[in-house]
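Participant: need coordinates for the below:
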Amino acid sequence: MLIEQFYDKGLAHGSYAIISENEIVLIDPARDPQPYYEFADKHDGKIIGVIETHPHADFVSSHLEIHQKTGASIYVSKLLAADYEHSTFDEGDILKVGKIKLQAINTPGHSPDSICILVIDEDGSEHAIFTGDTLFVGDVGRPDLRESAGNIVAKKEQLAREMYHSTREKLMTLPEDVIVYPAHGPGSLCGKNLSPELNSTIGKELRENYALQSMSETMFVDMLIKDQPFVPKYFGYNVMLNKKGAEHLEDSLKAIPRIHGDFVPEENVLIIDTRKEKKYKAGHLKNSINLQDGSKFETWLGSVVSPDESFYLIAGDKAALETIIRKTAKIGYERQIRAAVIPDGHLPEISPAIDLEDFDKNKSNYTIVDIRNTSEVRSHKIFDNAINIPLHQLRERYDEIPKDKAVVVHCAGGYRSAAGSSIIAQHISEVPVLDMSDAITHYPKKTI
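Facilitator: The predicted structure follows:
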């Protein structure tokens, strides 16, 4: 038996292949199936099954594409009510893979249809468990993502109560040496306290995971609901897309128009410019958003742009453009791309530069907009009189920003403020809109 983890840092997503006697089952595969095909070729194995622990909110799975290409069966809980051909996999069901067994355990909490998969090895011992978004290293899955999406919707309080019982009555009763393989690591918005480690054991989680400590159900529910991160715009859309099954990745990517050279965008179509901020500020198209390619591009794209919006995607060269197109497809947004563009020559709009010396001397002459998340601001402020509008809400709340003074936008390190200042500049032309960028790191944080 061999278990292989495939980890995508951009979405903090862990998927898995388990092989025994040349038979392979995949757990929670990512949008691009190619790495799993390469794994099968490397080990001279055959993919016989794909298991979805639940309909994921934060990425698009390739389960349907893999099924259609390889003939592998898809296994999901009956509660998911999947729209594609599948086999139900619920409490006590067993899937034989070579000399091992995979056993389904229903673990509602993150979602009503969540399952975990217990690995029983050749000797009949409980060896490992794939916990999906139920149990993470250092955390459990948030309970507030299924209040308006999926076959079954449930209030966060109800799911939090179910998580209490799933952890205590099912996962915490397993042998302490059982290895825990979760679907997410640090940086995921599916939890609030994920550890940097990408796997663990039941015993370690019993000792160190705050959510598995002794407490009443009421205390657990209150604690789990409190201080969860924001919910990106694309999460509900991805739940429904995964319930339906996404189209083949390469076919979908081929359908995107590519433009190199002269480009006149259609009026009122959003423009996402993914070039580095210095390039963007030196020349860009009017009414564009500078959402730079970076480690969390996918999440921020799906937080700023709604799943029903079309947009142009701009990059600096062919390689960068193809990379960003594939990142867009991870969250199922590739069909929204009106065209993918590599512009030629100088673009007309230039962003004004901030005069930090004047800002430091005359802060009262500026409206300061802090676009960090509410939890970050609650932890510490940087400027006392700043207006806090988180980046993911900025397109809906820009009218809260006064227009009588120059506007200075900041975040924590500079990435988000490039996007935020470009969003505000679309709506405020009466005064300069200035990006503090990474200069913000030189200002002290004030504990409040």
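
Participant: domain assignment for this protein?
Facilitator: 2-238, 248-342, 356-447 (automatic domain parsing).

Participant: contacts for stretch 117-129, please.
Facilitator: 1, 3, 18, 20, 27, 51, 53, 99-105, 116, 130, 171, 174-175, 178-181, 202 (C-beta atoms under 8 Å, 6 or more residues apart in numbering). In this view, the C-beta of every residue, glycine as well, is placed from N, C-alpha and C.

Participant: buried subset of the residues you listed, written for ChimeraX?
Facilitator: Those of the contacts of stretch 117-129 that count as buried under 16 or more other C-beta atoms under 10 Å are selected in ChimeraX with:
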select :3,18,20,27,51,53,100,101,102,103,104,105,116,130,171,174,178,179,180,181,202
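
Participant: so which of the contacts of stretch 117-129 belong to helices?
Facilitator: Ile202 (DSSP state H).

Participant: so where do the helices sit in this structure?
Facilitator: 34-42, 63-70, 156-166, 202-208, 217-225, 235-244, 249-254, 277-282, 297-304, 318-330, 356-361, 374-379, 394-397, 415-427.

Participant: on that earlier part again, relative to Pro348, which of the domains of the chain is closest?
Facilitator: Judged by C-beta to C-beta, the one of the domains of the chain that comes nearest to Pro348 is domain 248-342, at 6.9 Å.

Participant: end-to-end on that closest one?
Facilitator: Taking C-alpha to C-alpha, to the nearest Å as the measure, domain 248-342 stretches 25 Å from start to finish.

Participant: please state the offset of that domain from the chain centre?
Facilitator: Offset of domain 248-342 from its chain centre (C-alpha atoms, centre = their mean, to the nearest Å): 17 Å.

Participant: out of the helices of the chain, nearest to Gly345?
Facilitator: helix 277-282 (12.2 Å).

Participant: what sits up against the closest one?
Facilitator: Contacts for helix 277-282 (C-beta under 8 Å, 6+ apart): 273, 288, 290, 292, 316, 350-351, 353, 414, 418, 422, 435, 437.

Participant: which single one of those is nearest to Gly109?
Facilitator: Of the contacts of helix 277-282, the one sitting nearest to Gly109 (C-beta to C-beta) turns out to be Gln292, at 35.4 Å.

Participant: one step back: and the domains of the chain as CSV, adding mean pLDDT?
Facilitator: Shown next, in CSV, are the domains of the chain (pLDDT from 0 to 100):
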stretch, mean pLDDT
domain 2-238, 97
domain 248-342, 96
domain 356-447, 95
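
Participant: most neighbours, which of the contacts of helix 277-282?
Facilitator: Asp435 (29 neighbours; other C-beta atoms under 10 Å).

Participant: name the nearest residue to it, sequence neighbours excluded.
Facilitator: Ranked by C-beta to C-beta, 6 or more residues apart in numbering and with sequence neighbours excluded, the top spatial neighbour of Asp435 is Ser421, at 3.9 Å.

Participant: ok, now how distant is Ile27 from Pro229?
Facilitator: 24 Å (C-beta to C-beta, to the nearest Å).

Participant: also Val304?
Facilitator: For Val304, the distance to Pro229 - C-beta to C-beta - is 15 Å.

Participant: more crowded one of those two?
Facilitator: Val304 (25 against 14).

Participant: hang on, isn't the more buried one packed against Asn290?
Facilitator: No - using C-beta atoms under 8 Å, Val304 is not in contact with Asn290; the gap is 10.9 Å.

Participant: list the residues that contact both of those two?
Facilitator: Ala419.

Participant: circling back to that earlier point, and the furthest pair within the contacts of helix 277-282?
Facilitator: Among the contacts of helix 277-282, Gly316 and Ala353 lie farthest apart (C-beta to C-beta), at 20.6 Å.

Participant: ok, which stretches of the stretch 101-250 of the chain are strands?
Facilitator: With DSSP state E, counting those that start in this stretch as the criterion, the stretch 101-250 of the chain has strands at 115-120, 126-132, 135-136, 139-140, 179-182, 200-201.

Participant: among these, which is the most enclosed?
Facilitator: By mean neighbour count, with neighbours taken as mean count of other C-beta atoms under 10 Å, strand 135-136 ranks first of the strands of the stretch 101-250 of the chain at a mean of 32.

Participant: packing partners for that strand?
Facilitator: strand 179-182 (3 or more C-beta pairs under 8 Å, 6 or more residues apart in numbering; DSSP states H and E).

Participant: ends of stretch 427-436, how far apart?
Facilitator: End to end - C-alpha to C-alpha - stretch 427-436 spans 18 Å.

Participant: any residues touching that stretch, and which ones?
Facilitator: With C-beta under 8 Å, 6+ apart as the criterion, stretch 427-436 contacts 277, 281, 351-354, 356, 366, 398-399, 401, 403-410, 414, 417-418, 420-421, 424-425.

Participant: those residues, buried ones only, as a ChimeraX selection?
Facilitator: Those of these that count as buried under 16+ other C-beta under 10 Å are selected in ChimeraX with:
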select :277,281,351,354,366,398,401,406,407,408,409,410,414,417,418,420,421,424,425
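
Participant: distance to Ile256 added to the contacts of helix 277-282, as a markdown table?
Facilitator: As requested, the contacts of helix 277-282 are exported to a markdown table (distance: C-beta to C-beta, whole Å):
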| residue | distance to Ile256 |
| --- | --- |
| Asp273 | 17 |
| Ser288 | 18 |
| Asn290 | 21 |
| Gln292 | 20 |
| Gly316 | 17 |
| Ile350 | 29 |
| Ser351 | 28 |
| Ala353 | 34 |
| Gly414 | 30 |
| Ala418 | 24 |
| Ser422 | 23 |
| Asp435 | 30 |
| Ser437 | 31 |
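
Participant: from those, which is closest to Val377?
Facilitator: Gly414 (16.8 Å).

Participant: in space, what's closest to that closest one - neighbours in sequence excluded?
Facilitator: Closest to Gly414 by C-beta to C-beta, 6+ apart is Asp438, at 3.6 Å.

Participant: from what I can see Pro182 touches Asn199, true?
Facilitator: Yes - with contact defined as C-beta under 8 Å, Pro182 counts as touching Asn199 (7.4 Å).

Participant: joint contacts of the two?
Facilitator: Going by C-beta under 8 Å, 6+ apart, residues that sit against Pro182 and also against Asn199 are Val137.

Participant: measure the residue located most distally from the centre of the chain to Ser114 for me?
Facilitator: Each residue of the chain has a distance to the centre, and by C-alpha atoms, centre = their mean the biggest one is for Lys361: 39.9 Å. Distance, Lys361 to Ser114, using C-beta to C-beta: 55 Å.
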